[in-house]
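> 3D, please:
(one chain, ligands or ions: 1)
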Amino acid sequence: MSESSRIGDLQGKRLLLGVSGSIAAYKAAEITRALRKLGAEVQVITTRDAAQFITKTTLSTLSGHRVLTELTDSGDEDAWTKHITLGHWADLFLIAPATAQTVAKLVHGFADNMLTATALAARCPVLVCPAMDHDMYLHPAVKTNILALQELGYKVLEPGYGELASGLVGIGRLPDVEDILERLAELLPGELRGKHALVTAGPTYEPIDPVRVVSNHSTGTMGFTLAKDLARRGARVTLVTGPTLLKTPDRVHRVDVLTSAEMLEAVLVHQSADFVFMAAAVADYTPAEFHTSKIKKEADQLVLKLRRTTDILAELGKHRQEHQTLVGFAMETENDLTNARRKLVEKTLDWIVLNNLTEDGAGFGTGTNRVTLLGKDGSSYPLSVMPKEEVATALLDRVLADCA
Ligand code: CTP
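Model (predicted):
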């Protein structure tokens, strides 16, 4: 599972699983089991032919719900409108495997069984996973239908390549269950869909001469973790980062910078972002002059003259936009609450995340952090020591709850 996998987001979701008559139908049992294990509720709908490959008893036992096939199958009073109820009930509709026949029916809007009728009524994203023999899949009629499906708004997961039931080797296999669920989870609407988040991370390098810099111990972990979580929640994320060895999280646009001046420039390009998390440890001072050649070891003492850098966050605060949420970080070693509150006010922030470097489990280079989130309304949320990933989630839950 990739680091930014959203599979866990399927927990508590309502899933329709449509199964049509392909040899791969037996995998519907595995899919149902995996979804239930993740905590999703699953309603299986099979076509008549699917029952040749997998029994309804198996699927109803695994899903915990009676399996439906015909339009009037539910046996409930609302039997004739069950396809509508189901179509509105589901968060996601997965059709796996989808035969050439079912794909064709979907394209032409057939409503001759529970699966196709429910697909017409579905208000949620529908993921179709075609599985069939190589030559059938490559037939222009099927290819045209698959393109048409996509044009109609269905999502399609390409089948895999490998050994097929016919003994042939080619394209047409149903992808692995994990890949199917991964793609499915990506279709869940994220709470931050349509929002832009700007995150800064890492230290800055302020050059003294061609080989030396003024910097700090920041590793960038907090900012990278926030960026990953924001992307998982559906935001478009720009991550402006100083030097770090960390891997860019999936679906995050990374901008590398070295100096605080470069970070300022990169941040200003994205200053209209809906959310700004200024987690970078920006140098407050930079060498007043840059020595173009290496400073040689001559005198016993070397005095470096430093000048103040621009406070990037304070700049953003001065020009803040109404829709924007500005979150700063405060690194303190003494008078932490007073200092953090002062920064919150002076930089016109909505929130400040207080990091007391003297506390156990907090600070640079540790996998954990201990922070207190302070709000502009005077609120204070102290979090216990926890892995940085959990800190990011807890911070975002709080900040986003406030915007809701
Ligand atoms: N910050 C910034 N630009 C700077 C310095 C800091 O944007 N030149 C941001 C940091 O990213 C952080 C917040 O301001 O979100 C507070 O940083 P911190 O180093 O704790 O405080 P400073 O304002 O620099 O004050 P001091 O160093 O005196 O504690």
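
> mind checking which residue lies nearest the centre of this structure?
Geometric centre of the chain, nearest residue: Arg232, 1.4 Å, by CA atoms, centre = their mean.

> so it touches Arg6, yeah?
Yes - using CB atoms under 8 Å, Arg232 is in contact with Arg6, at 5.9 Å. In short, each C-beta sits where N, CA and C put it, glycine included.

> what values do phi and psi take at the residue lying closest to Ala235 once chain neighbours are set aside?
Excluding its sequence neighbours, the residue lying closest to Ala235 (CB to CB, 6 or more residues apart in numbering) is Leu192, at 3.7 Å. Reported as degrees, to the nearest 10, the phi and psi values for Leu192 are phi -110, psi 20.

> from Leu400, how far out is Leu192?
Taking CB to CB, to the nearest Å as the measure, Leu192 falls 8 Å from Leu400.

> residues from the stretch 301-404 of the chain in reach of the ligand?
Thr309, Asp311, Ile312, Leu313, Gly328, Phe329, Ala330, Met331, Lys343 (CB under 6 Å from any ligand atom).

> quick one, which of those has the minimum pLDDT?
When these are compared by pLDDT, Met331 scores lowest at 90.

> bridging residues for Ile95?
Gly18, Val128 (DSSP bridges).

> helix, strand, or coil at Lys29?
You called it Lys, but residue 29 is Ala. helix (DSSP: H, G, I helix; E, B strand; the rest coil).

> coming back round to it: next step: the residues of the stretch 301-404 of the chain next to the ligand restricted to helices.
Among those, the residues falling in helices (DSSP state H) are Ile312, Leu313, Lys343.

> where do the strands sit along the stretch 301-404 of the chain?
Under the criterion DSSP state E, counting those that start in this stretch, the stretch 301-404 of the chain contains strands at 306-308, 325-332, 351-356, 368-369, 371-375, 380-382, 386-387.

> whichever residue of the stretch 101-250 of the chain sits closest to the ligand: helix or strand, and which one exactly?
With CB to the nearest ligand atom as the measure, Thr200 is the residue of the stretch 101-250 of the chain nearest to the ligand, at 6.3 Å. Per DSSP states H and E: Thr200 is located in strand 196-201.

> show me what that strand pairs with in its sheet, parallel or antiparallel.
If you go by DSSP bridges, strand 196-201 pairs up with strand 236-241 (parallel), strand 275-278 (parallel).

> which of those is buried the deepest?
Counting by mean count of other CB atoms under 10 Å, strand 275-278 has the highest mean neighbour count of the strands paired with strand 196-201, with a mean of 27.

> helix or strand right after that strand?
strand 285-287.

> list the buried residues of that next one.
Across strand 285-287, burial judged by 16 or more other CB atoms under 10 Å covers Thr286, Pro287.

> which strands or helices does it pack on?
strand 206-209, strand 212-214, strand 306-308 (3 or more CB pairs under 8 Å, 6 or more residues apart in numbering; DSSP states H and E).

> show the average pLDDT along that strand.
98.

> contact partners of it?
Contacts to strand 285-287, defined as CB atoms under 8 Å, 6 or more residues apart in numbering, come from residues 206-208, 214, 259-261, 304-309.

> got those as TSV, with neighbour count columns?
Listed next are the contacts of strand 285-287 as TSV, based on neighbours: other CB atoms under 10 Å:
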residue	neighbour count
Glu206	23
Pro207	16
Ile208	19
Val214	18
Thr259	19
Ser260	24
Ala261	16
Leu304	12
Lys305	8
Leu306	14
Arg307	10
Arg308	11
Thr309	18
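
> closest one of these to Glu390?
Comparing those against Glu390 with CB to CB places Ser260 closest, at 29.5 Å.

> enumerate every residue touching that closest one.
Each residue near Ser260 by CB under 8 Å, 6+ apart is listed here: Thr204, Glu206, Val282, Ala283, Thr286, Thr309, Thr310, Ile312.

> if we use 10 Å, what do you get?
By CB atoms under 10 Å, 6 or more residues apart in numbering, Ser260 lies in contact with 203-206, 242, 280, 282-286, 308-312.

> measure it to the ligand for me?
6 Å (CB to the nearest ligand atom, to the nearest Å).

> ok, now Arg370?
Counting by CB to the nearest ligand atom - Arg370 and the ligand are separated by 16 Å.

> please apply the same query to Leu15.
For Leu15, the distance to the ligand - CB to the nearest ligand atom - is 41 Å.

> may I have whichever strand or helix holds that residue exported as CSV, CA atoms only?
According to DSSP H and E, Leu15 maps onto strand 14-19. The C-alpha coordinates for strand 14-19 follow below in CSV (Å, rounded to 0.1, in the frame of the first residue of the first chain):
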residue,chain,number,x,y,z
ARG,A,14,-21.6,2.3,2.0
LEU,A,15,-20.5,0.2,-1.0
LEU,A,16,-22.5,-1.4,-3.8
LEU,A,17,-20.6,-4.2,-5.4
GLY,A,18,-22.0,-5.2,-8.8
VAL,A,19,-20.8,-8.6,-10.0
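
> and it, how far out from the chain's middle?
23 Å (CA atoms, centre = their mean, to the nearest Å).

> quick check: buried residues in it?
Leu15, Leu16, Leu17, Gly18, Val19.

> now the residues you listed in JSON lines, with pLDDT?
What follows is the buried residues of strand 14-19, written out as JSON lines (pLDDT from 0 to 100):
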{"residue": "Leu15", "pLDDT": "98"}
{"residue": "Leu16", "pLDDT": "98"}
{"residue": "Leu17", "pLDDT": "98"}
{"residue": "Gly18", "pLDDT": "98"}
{"residue": "Val19", "pLDDT": "98"}
